[in-house]
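**Q** Next one to model:
(chains A, B, C and D)
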Amino acid sequence: MRNNHSPAQPGEYKLIELLAVASAREIQDGEVVFAGTGLPMLAVTLAQKTSAPRASIIYEAGSMDGRPAHLPSSVGDARCEYRASVSSGLLDVFGQLQRGVVDLAFLGGAEIDKYGNVNTTVIGGDYYNPAVRLTGSGGNPDINSLAKRTVFIMVQEKRRFKEQVDYVTSPGWRVKKWPGGEWVTRQEAFGSVFRGGPVAVITSMAVFRFDEETGEMYLDTVHPGVTVEDVKNNVGFDLDVSRCRGETSPPTYHELYLLRNVIDPEGLFLGS
Amino acid sequence: MRNNHSPAQPGEYKLIELLAVASAREIQDGEVVFAGTGLPMLAVTLAQKTSAPRASIIYEAGSMDGRPAHLPSSVGDARCEYRASVSSGLLDVFGQLQRGVVDLAFLGGAEIDKYGNVNTTVIGGDYYNPAVRLTGSGGNPDINSLAKRTVFIMVQEKRRFKEQVDYVTSPGWRVKKWPGGEWVTRQEAFGSVFRGGPVAVITSMAVFRFDEETGEMYLDTVHPGVTVEDVKNNVGFDLDVSRCRGETSPPTYHELYLLRNVIDPEGLFLGS
Amino acid sequence: MAKNKRKSIKEAVQLINDGDMITFSGFTIWRRPMAIVYEMVRQRKKNLHLIEVNSGTHGEILIGAGCVKVLETCWIGHELYGKVGANAARKLKSGELIVEDYSHVHMIMRFAAGAMGVPYLPTRASLGTDILNPEYDALGKHGLRDGSNPRIPRRKFEFLTDPFFGEQGDIIHVPAARPNVCIAHVQQVGEEGTVRVYGQRYSDAEAIKAADKVIVVAEEIVPEEVIRQDPTANLIPHYLVDAIVEQPWGAHPTGCFGYYEVDGKFIRDFYSKTKTQEGFDAWAEEWILKVNSFDEYLYKIGFRRLDLLRANSSYKYSTRVKRGA
Amino acid sequence: MAKNKRKSIKEAVQLINDGDMITFSGFTIWRRPMAIVYEMVRQRKKNLHLIEVNSGTHGEILIGAGCVKVLETCWIGHELYGKVGANAARKLKSGELIVEDYSHVHMIMRFAAGAMGVPYLPTRASLGTDILNPEYDALGKHGLRDGSNPRIPRRKFEFLTDPFFGEQGDIIHVPAARPNVCIAHVQQVGEEGTVRVYGQRYSDAEAIKAADKVIVVAEEIVPEEVIRQDPTANLIPHYLVDAIVEQPWGAHPTGCFGYYEVDGKFIRDFYSKTKTQEGFDAWAEEWILKVNSFDEYLYKIGFRRLDLLRANSSYKYSTRVKRGA
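**A** Okay, here's the model as predicted:
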């Protein structure tokens, strides 16, 4: 029998709603989550209203566990602070992050490689004269370095899923150890302060995870209506699809109701 | 003609009132002063009400430029914060100190040597088994290290004015460079961050200053009623008295009025 | 009692010298000192070295106008209203701008070091990234780490290990940020200079304390005795502030907690029009050079728009402006 | 929503283990968690390692009662009401207590390092002093820097130079403070654990964040939704707090901004009576061991005295208690 908690059917939800729900499911109750603007906000708020009521959210600009009455448009927004536990500043929240308080982080990226190295700095050409200059790192590498788990949310395109990214902005499971530049495992690079790393990449087509031994990305689930072949055609490296568990669970009607009517009724991120 | 601004006569003021006035005269208008409990509070408040209305005071526990309605009994006291510019905490005020914001500091000590090294830690015996264990450093060495000028306020006794103090808690003009322990000038020890050091020692008998070349203490003025010989008898090292300028200026009637009736009417430090 | 620190916007901007290292209050598109930034363009400041935890619309304007030689930051963009810093990207590619990349934690630690008066601070953030790649040391590449400018550190990073707890893995030392000037936009300043910030304080305290000279623009100058009634709510003591300016709406189009919303439409318009230099020049002509003062600018924005942006006094943000796509 | 963190004083003290490294809120004789300290004596905690920016009456009580093996601090005394820490001095001389001297800046930087998750911080404070004398490394002298206790650093200090700005002179690295437990007395805590401190915040934020376990005693537990109406006034987010206890007057005889004054007479009496171990034991018998609870203690202090100490609601301190000599 169909009820509020039944899965919605393809066509009844938007891609972004699926991504929000898939992201929300990464959050365990009671966790401290570090999130940026956009989809992560939808995901955390959704989780707080469903499976993880005791999850707390830290925003980069300085607010801790806000309970926004209206969806913030960025982490610097006054809306982040509404009914927060504490509102202070960058040094406080990044100090807590470095201290090891953060369980899970949601981040984005323009490019990713099979070890989960992410680029948000320069694409093409030379570092000093790139084809495309992006925003730079922001807090992406810091949060990814210091949280226990990281989930990346990205657009799936072949040019974005590369054998090697043009610039490692944010560290994956195999990274370069500077100043020498030799490739080492993330565990080696971080030593005693290794806490974990990327656990999932949620894209417009699929959910990927990382092999615990090799640190290589593999296909976990494909979104409803997407085939494994579609995904392979949109990945620029040799992808392990042998462990694909099937389809990404779609949103339930209740989740869609919350997203559309309670969390983002203005259509700030969901659109109109 | 005698008026409010005439000097009071011996017998008309207490020693502590003389010390408060002598200390207040070290403060220039507009300076940022770091002060501890007791006499320094009297001095700064007096200066603010007379010659240095734009002087600001930082207290170690975290208040900046408070304008107490009642004299604080310690730097942690709520009275320090009354009408302060900012009230925060230790990291803020000591960060400002290290950044170079503080012009002048008032400090105390149990022992001092001729280079202005001060001891507030252990006296007699061994460091690990001392005859007398004192409070430890507090902020004394930090403030003295990082302010541009320091004034020590002390009791004058032969056993306190020593050739060498038992433990250098707070650095004078010749100090040990650790971990080696070789004696060097203060300028050498502090290098690029050298900002100054002890400029005066105000005691129960006299005011002392330091030679700019040798860093050695010399007698500047004796308090009214005290002779140079008295001072020499209460100093445990060979004291240069050749530059003595005469008597320490006594309080004026106006200053005494302020101290007794406006600044410390409860007799917290002045006594009853 | 205190000396008079009040300045006009014009006078305040005259305190900034060509070649200065500059930082700002705020975060991305929030609480940026825009009134000052516009006047800096009008006064044609040159060869500035911007150093910020992150940059935003204000940085894009200064860069587009050719005021900036170096940008040290972790990020430049306009959040929802413009994905990248297109002016910075263009000037980087043309060789007019040097961009030095650090991470967010690196930058906040750099400012904390500057604020605390130490030459560096240690961190563990962003190990394994190309931010640490010695080939990507832009100031070094341009020969600016020779010690001739005392504010530019001789190295971008240093790597150490922990001798205290036997922890494995590198520790990164990041050099202090030591700007000449911090320009801050805040909600309130007392007549003597005591600063109060409402809402998230971003990296304002560190930016202000790290700088040698501090210019504070406030929505309101308030009586010092009133702002001192709750000193725990104040951020910066008066003696650290050199100049104060009263300029309501002075952070527009960026947002100001408790006072007004980000003007996303305005920023999006800036972003879409200034991807080329010609586009920037036309925009600057219209919104900065042909406008003689910030008051004139506000008149051009118009009361209706400003009033829509005005914050609800309980929520601290506007509930009336249309956001969304 | 949050799990219930409320505990009784007895239960809260059971969270502290013998041998733990402990730190506290407050400053000298202000806002110390005395209700917990008394109960720690009653529960006969042993071999504690106190680490604090400065200590005070609370430290003297724990040390006098034989609960403490190591004291790392910059100061111990009772301000106006007792010039030195006589119990610490006595136990140091008898060899029962190890005292490790750092300066005030060293200690606050040690806590800041602990709070920020780095193994050390750099400072320039207290160069040239015997605090840096390697002979005066008490933990080293007692063989405690062998790495077997992961919370005790292997070195007391390290000396470095600045590679960034070419500054001359040593930089001192001080090791992080990494206590097992922070016990804080504050004015208000929300039901979920959000901490609000009124007045000077001393080193509370750093002490709490550096510790693995946090016990907060508050004058009042207040509704979480009320304390969240002004999050900029809050100091510590709820998720960092493990246990909350409501205990009015819980900092007596130390002072609590906005609530009550230091009880100087009580502290002076403690100081004068506890210079010998016999004196301490008699005092502890009277004020701790024969008193079963903090409520009984308050009854013994008496309403008249407490009411005199009560703060004036505008001044935030008592205007009725007689201070002075």
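
**Q** Around chain D, which positions in chain A sit nearby?
**A** Within chain A, the residues that sit near chain D (CB under 8 Å from any CB of the partner chain) are A:30, A:32, A:53-54, A:56, A:63-67, A:81, A:83-88, A:92, A:95-96, A:98-101, A:146, A:193. Every residue, glycine included, has its C-beta placed from N, CA and C.

**Q** Try it again at 6 Å.
**A** A:32, A:53-54, A:56, A:64-65, A:81, A:83-87, A:95, A:98-100 (CB under 6 Å from any CB of the partner chain).

**Q** same deal with chain C?
**A** C:118-120, C:122, C:147, C:153-155, C:158, C:162-167, C:175.

**Q** Tell me which two of those sit farthest apart.
**A** Greatest spatial distance among the residues of chain C next to chain D (CB to CB): C:Gly147 and C:Gly166, at 34.6 Å.

**Q** Next one: the residue lying closest to A:Leu15 once chain neighbours are set aside from B:Asp126, what distance?
**A** Closest residue to A:Leu15 apart from its sequence neighbours, by CB to CB, 6 or more residues apart in numbering or on different chains: A:Ser204 at 5.9 Å. According to CB to CB, to the nearest Å, A:Ser204 and B:Asp126 sit 73 Å apart.

**Q** Look at these two and report which has more neighbours.
**A** The neighbour count for A:Ser204 versus B:Asp126, taken as other CB atoms under 10 Å in any protein chain shown, is higher for A:Ser204 (16 against 9).

**Q** Tell me where chain C has strands.
**A** C:21-24, C:48-51, C:68-73, C:98-101, C:120-123, C:158-160, C:171-175, C:181-190, C:195-196, C:213-222, C:243-246 (DSSP state E).

**Q** Next, give phi and psi for the residue in the stretch 1-150 of chain C positioned nearest to chain A.
**A** At 2.9 Å from chain A, C:Gly128 is the closest residue in the stretch 1-150 of chain C, using CB to the nearest CB. Dihedral pair for C:Gly128: phi 80, psi 0, per degrees, to the nearest 10.

**Q** which residues touch C:Ile16?
**A** For C:Ile16, the contact set (CB atoms under 6 Å, 6 or more residues apart in numbering or on different chains) comprises C:Val181.

**Q** Then C:Phe280?
**A** By CB under 6 Å, 6+ apart, the contact set of C:Phe280 is C:64, C:274.

**Q** ok, 10 Å please
**A** C:60-61, C:63-66, C:86-87, C:90-91, C:270, C:273-274 (CB atoms under 10 Å, 6 or more residues apart in numbering or on different chains).

**Q** what about stretch C:144-158, near chain A?
**A** Yes: using CB under 10 Å from any CB of the partner chain, we find that stretch C:144-158 touches chain A at C:157-158.

**Q** Give me the pLDDT value at the residue of the stretch 51-200 of chain C found nearest chain B.
**A** Nearest to chain B in the stretch 51-200 of chain C, going by CB to the nearest CB, is C:Gly117, at a distance of 3.6 Å. C:Gly117 is assigned a pLDDT of 97 by the prediction.

**Q** With A:Glu266 instead?
**A** On the pLDDT scale, A:Glu266 gets 89.

**Q** what's the neighbour count on it?
**A** The burial count for A:Glu266: 15, using other CB under 10 Å.

**Q** can you check A:Leu134 too?
**A** By other CB under 10 Å, 23 other residues sit near A:Leu134.

**Q** shouldn't it be in contact with C:Gly77?
**A** Yes: using CB atoms under 10 Å, A:Leu134 is in contact with C:Gly77, at 8.4 Å.

**Q** ok, back up a step: buried members of the residues of chain C next to chain D into ChimeraX, please.
**A** In ChimeraX, this line selects whichever of those come out buried by 16 or more other CB atoms under 10 Å in any protein chain shown:
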select /C:118,119,120,122,153,154,155,158,162,163,164,165,167,175
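
**Q** ok, which stretches of chain C are helices?
**A** Using DSSP state H, the helices of chain C run over residues C:9-14, C:34-42, C:57-64, C:86-93, C:104-116, C:138-141, C:204-210, C:224-227, C:264-273, C:277-284, C:294-301, C:303-309.

**Q** pLDDT value on A:Arg2, please?
**A** In this prediction A:Arg2 is given a pLDDT of 79.

**Q** Let me see the contact set for it.
**A** Counted by CB under 10 Å, 6+ apart, A:Arg2 has contacts A:8-9, A:253.

**Q** what's the neighbour count on the closest residue to A:Thr252 other than its chain neighbours?
**A** In space, and not counting its chain neighbours, A:Thr252 is closest to A:His5: 4.9 Å by CB to CB, 6+ apart. The number of residues packed near A:His5 is 10, by other CB under 10 Å.
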